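[1] Need coordinates for the following:
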Amino acid sequence: MAQSFARYDGLRAELIAALEQRLPGISWTVHLPASVNKLADGRCFFATRTMVSSADVVEPSHRFADIFSAGDPVLAKYGFPAFGGTDPTPGGWTVARSANAAGAIVSIESKSPAYLYIGAPVDSATCDPAELPEP
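    Okay, the predicted model is just below:
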């Protein structure tokens with residue numbers, strides 16, 4: 001668990017730094033704390049702290065083009081493919097996702113404000129939130 005936390009929390013921090021550099025008028029703060037949950041199939045799934053933007057990112061990022069140019073190199077560094085565009089999503093959301101071979105997911109979802117979510121399956125005998133290191 002500690003290794004996964006360090007890896008994916010590092011990805012989160014680097015993505016936020018890249019986004020804040022590319023979109024300097026928009027800051028990101030913690031929306032939800034890191035968590036672990038046991039899935040229906042018995043696997044343990046870890047989520048880093050979910051981040052929320054101070055403003056919508058769709059128009060300031062040229063419909064996510066700046067998010068891709070800032071985020072894709074960070075994704076590559078951590079073994080993820082590029083975002084590859086936005087997903088058709090109902091309800092007015094603009095969503096970009098990337099998933100790696102291990103089943104980890106990075107998602108940026110915007111509908112004023114935007115959210116950054118990173119989650120991954122992890123090896124844990126107990127899947128107990130007490131296993132999470134302090135951020």
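[2] List the contacts of the top strand by length along the chain.
    Ranked by residue count and defined by DSSP state E, the top strand of the chain is strand 114-122. Contact with strand 114-122 is made by 1, 4, 8, 11-12, 15-16, 19, 28, 31, 36, 39, 43-48, 50-53, 56-58, 102-109, as judged by Cβ atoms under 8 Å, 6 or more residues apart in numbering. All C-beta atoms are positioned from the backbone trio N, CA, C, and that covers glycine.
[3] May I have the strands that pair with that strand, each with its orientation?
    When pairs are called by DSSP bridges, strand 114-122 turns out to pair with strand 44-47 (antiparallel), strand 50-53 (antiparallel), strand 105-110 (antiparallel).
[4] Off-centre distance for the last one?
    Pointing back at strand 105-110 there. 5 Å (Cα atoms, centre = their mean, to the nearest Å).
[5] ditto for the first one
    In terms of Cα atoms, centre = their mean, the gap separating the centre of strand 44-47 from the centre of its chain is 13 Å.
[6] Contacts made by it with the rest, please.
    Contacts for strand 44-47 (Cβ under 8 Å, 6+ apart): 1, 4-5, 8, 32, 34-39, 117-124, 127, 132.
[7] what about burial for these, which qualify?
    1, 4-5, 8, 34, 36, 117-122, 124, 127, 132 (16 or more other Cβ atoms under 10 Å).
[8] max-length helix in the chain?
    Counting residues, the longest helix in the chain under DSSP state H turns out to be helix 2-22.
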